[in-house]
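**Q** just coords:
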């Protein structure tokens, strides 16, 4: 018993975190600077993205860099944390290893937190006509489409050409769909109103389509009704109990009805990242991994799944795929791993989610906030929404810039990032750094790192 | 004689401005709100770009939206100015008309100010390996390459792989090349220094290659030497009298010497925009239009060429392709056109450029400024540089944001926009708004607008 404790004390645990979203980042921060841990954070991007504000990039209110921060800079103060940009394509649980374009990493603990992407319920062809909003590239593409529609409408000569250009359909009445619809409403009614000569942006048709009986099903009925009214004052029409049956180049089919629309945005379905399928364990229909109550994978107490990739039971069904859940899971896991490193290891406690409430914003000065039985609407809710988002945004500089942008937009109705950036700059990209020469070694030079030496 | 004067008074002049850079924007502003003018501003982008700060976007210091402003918003206060996003592909000088994807516009006065792009002296294949810096897309691409090189170097396992990744070659020792080299020097020596574990960014090799005997040939020898010394303190090596003879996937050939470099940036040659070739008049070797002293095209007193597209004689040879020249030309032309609209039309005065000096910045707190015989260097020059650029930047909001970014970088060495955004989001773009239905009519409904009615 004593020897085990000594062994534990001197051993360094290698923790490999895949994905630097809210979950992964909080694991790394929770283990940063803690003796006995060596952490590698792997992400295919070089930045951590504050997804709750991504719709504001899509709607030209913020610049991408204002809601993103380099992972490296966020973690540079921790000497025991290393950041590697790379894409995982193989999980080798039996060998405690992961492989990808970065080479191969071995681990003592593996944390998978690669999030989710949009799902089109088997209609993948719809993606071309109705992009979703999960990445900065998608946000820039949506911004390009929305702003270009107005430019083309200004040039159009007859009403039949103009009408579909000034029709925006948002599919999905969850918080993202509501925030997108509200932002288009506000942009058309205020920001763009005076900038055109041939068209009146205030006549833009905005339709929010929801398959279920009401929008924002996770909120109380009272707040959802209030959000519907707020959307209506911005010119958004909400269609509930409406199933989209087809999307093509000219518009949207909703059962027997047809809307001609140049711009369709998808905020309806989500599926978990592909990585979960490689674990060989049970997944739910959305592809989320059914984890145990300590967030570990069945049969693998050293492998954890966090954030949108995990299906965790809460008091009212599975926990939602939102930032607070991911952040709490990341902090929880770091705490458990630190505890496990202690000489007297205790059994892990189960993860409990502390629900601090939920909120959504509609346009530039209205929101809904629900905390337990407390409900706030209108301007006060918007102020709460604003400060909560500023508080969680990473980096003081980003907070300052976003606050200025918001204050500026609030006073002037202007939007700071009305750029149509071209999608592609055609170029041959030099093929650099042949994969074979990149990092064919493990995280550390410890005994497990080099299988040959173990002989 | 009296009847002509009356005719002139009641007539509305249609001015078509192609290109909303510094020249075009100043023409439109100078005619905005002036009775007797109807202005259309055509640009293939929806934004005006403050090119002097584009290198800071490429070097992750600023976001694109901070140096760009929607043309529409910049001109929305003028009821007689219309903005159309579109691409010109035909000049029909005899019919006083221009055609493109927007349809066809007729004009009384035509202003061409479409600027310049990079030239590779007949080596167009070099562009893939050494992008230039004229557009936001190029700036984002350069940012992606520079930041990715560090990420790949961090993953590389041997020095032979790592060295070319940490080697940056800038071709061309004019202000853009100097500013790019200085920014990479500063980024490697300060910003990135602590963020990596396997590499030391301070060992980055940066080489500025200039074919001529010295960098910054438009500046005095004293200031150019000072700039060279400033660059050296940032780790940049300046190679003068060095002709690049080849650029390929692995590096740069300079006569008998070879540098292995993953990242090569092109700041060497410029050629005027293609539109000039359609005028059927004499061009200089860089493709610039040889204009008369009132900036009009020979044989066409109603067609003007401004900015980087024009070759205008100054006291020391042709005027340089810089923002102050373009701005002064725009303001000059608006003044001449306003004067021509008066009943008593006088002959046009020739354009005179008032040289207010030139400046370039090296890294984060050094610059060189030359105004006539006055020369300023170091920190004071940098402060002058900073305020002059803030002053000319369009929009108070952009000024405030850029000032905050600069102050922040100055204090922390951090760079606000360290994002690697992917080049392309593969998507089928719906084909919208068939060209035939877009604006097959002229600027106004005046008699010349409808040829059928003239019968």
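**A** Here it is on my side, so go on. The structure presented is a predicted model; accordingly, all values stated were derived computationally and were not measured.
**Q** For the helix or strand encompassing residue A:181, which outside residues touch it?
**A** Taking DSSP states H and E as the definition, residue A:181 sits inside helix A:175-186. Helix A:175-186 has contacts (C-beta atoms under 8 Å, 6 or more residues apart in numbering or on different chains) with A:55-56, A:58-59, A:61, A:133, A:146, A:168, A:170-171, A:204, A:206, A:208, A:210, A:215-216, A:227, A:230-231, A:234-236, A:265, A:267-268, A:358, A:360-364, A:366, A:413. The C-beta positions use only the backbone N, C-alpha and C, and glycine is treated the same way.
**Q** do the same with stretch A:127-139
**A** Contact with stretch A:127-139 is made by A:49, A:51, A:54-55, A:57-58, A:64, A:68, A:115-118, A:120, A:141-142, A:145, A:171, A:176, A:180, A:247-249, A:264-267, B:419, B:421-422, B:425, B:427-430, as judged by C-beta under 8 Å, 6+ apart.
**Q** so of those residues, which ones are in helices?
**A** Applying DSSP state H to the contacts of stretch A:127-139, the entries found in helices are A:54, A:55, A:57, A:58, A:141, A:142, A:145, A:176, A:180.
**Q** which is the next helix or strand following the strand or helix carrying residue A:252?
**A** Following DSSP H and E, one finds residue A:252 within strand A:251-254. With elements assigned by DSSP H and E, the helix or strand that comes after strand A:251-254 is strand A:257-260.
**Q** For that next one, buried residues please.
**A** By 16 or more other C-beta atoms under 10 Å in any protein chain shown, the buried positions in strand A:257-260 come out as residue A:259.
**Q** same question, stretch A:153-169
**A** By neighbour count on 16+ other C-beta under 10 Å, the buried set for stretch A:153-169 is A:153-156, A:161-169.
**Q** tell me the domain ranges of chain A?
**A** A:2-44+A:86-118+A:271-355, A:124-268 (automatic domain parsing).
**Q** Centre of the chain to the last one, how far?
**A** Yep, that's domain A:124-268 we're talking about. Taking C-alpha atoms, centre = their mean, to the nearest Å, the mean C-alpha location of domain A:124-268 is offset from the chain mean by 20 Å.
**Q** Could you pull out the helices in the stretch 251-400 of chain A for me?
**A** Counting by DSSP state H, counting those that start in this stretch, the stretch 251-400 of chain A has helices at residues A:323-340, A:378-392, A:396-412.
**Q** Could you say which one of those comes nearest to residue B:78?
**A** Using C-beta to C-beta as the measure, helix A:396-412 is the one of those that comes nearest residue B:78, at 17.9 Å.
**Q** Show me what that closest one packs onto, helices and strands only.
**A** For helix A:396-412, the elements it packs on are helix A:378-392, helix B:396-412, judged by 3 or more C-beta pairs under 8 Å, 6 or more residues apart in numbering or on different chains; DSSP states H and E.
**Q** In it, which residues are buried?
**A** For helix A:396-412, burial by neighbour count (16+ other C-beta under 10 Å) applies to A:397, A:398, A:399, A:400, A:401, A:402, A:404, A:405, A:406, A:408, A:409.
**Q** quick revisit: which of the helices and strands packed on helix A:396-412 comes out lowest on mean pLDDT?
**A** Note on the helices and strands packed on helix A:396-412: lowest mean pLDDT is at helix B:396-412, with a mean of 79.
**Q** ok, and what's touching it?
**A** Residues contacting helix B:396-412 (C-beta under 8 Å, 6+ apart): A:397, A:400-401, A:404-405, A:408, A:412, A:414, A:416, B:50, B:53, B:61-62, B:66-67, B:69, B:364-365, B:386, B:390, B:393, B:414-416.
**Q** pretty sure residue A:291 contacts residue A:297?
**A** Yes. Residue A:291 lies in contact with residue A:297 (C-beta atoms under 8 Å); the separation is 6.2 Å.
**Q** Overlap in contacts, these two.
**A** With C-beta under 8 Å, 6+ apart as the test, residue A:291 and residue A:297 both reach A:304, A:305.
**Q** which ones are touching the residue nearest the centre of chain A?
**A** Centroid-nearest residue in chain A, with C-alpha atoms, centre = their mean: residue A:51, separated by 4.3 Å. Going by C-beta under 8 Å, 6+ apart, residue A:51 touches A:21, A:134, A:323.
**Q** Please apply the same query to residue A:19.
**A** A:42, A:43, A:112, A:113, A:114, A:115, A:273, A:307, A:309.
**Q** what about 10 Å?
**A** Counting by C-beta atoms under 10 Å, 6 or more residues apart in numbering or on different chains, residue A:19 touches A:25, A:27, A:41-45, A:48, A:88, A:111-115, A:273, A:275, A:306-309, A:326.
**Q** What score does it have for pLDDT?
**A** At residue A:19, pLDDT is 97.
**Q** before we move on, what about residue A:170?
**A** We have a pLDDT of 98 for residue A:170.
**Q** what residues are up against it?
**A** Remark: with contacts taken as C-beta under 10 Å, 6+ apart, residue A:170 is in contact with A:130, A:176-184, A:206-210, A:236, A:238, A:261, A:263-268.
**Q** could you redo the last one with a cut-off of 7 Å?
**A** A:177, A:180, A:181, A:208, A:209, A:265, A:267 (C-beta atoms under 7 Å, 6 or more residues apart in numbering or on different chains).
**Q** Residue A:391: neighbour count?
**A** A count of neighbours around residue A:391, defined by other C-beta atoms under 10 Å in any protein chain shown, yields 8.
**Q** Ranking helices and strands of chain A by mean pLDDT, which lands last?
**A** helix A:451-454 (a mean of 35; mean pLDDT, DSSP states H and E).
**Q** how about the residues of the stretch 1-150 of chain A that lie near chain B?
**A** A:45-47, A:63-66, A:68, A:70, A:72-73, A:76, A:82, A:84-86, A:102, A:128-129, A:131, A:136-138, A:141, A:147 (C-beta under 7 Å from any C-beta of the partner chain).
**Q** can we see that at 6 Å?
**A** Proximity of the stretch 1-150 of chain A to chain B (C-beta under 6 Å from any C-beta of the partner chain) is limited to residues A:46-47, A:63-65, A:68, A:70, A:72, A:76, A:82, A:85, A:102, A:128-129, A:136-137, A:141.
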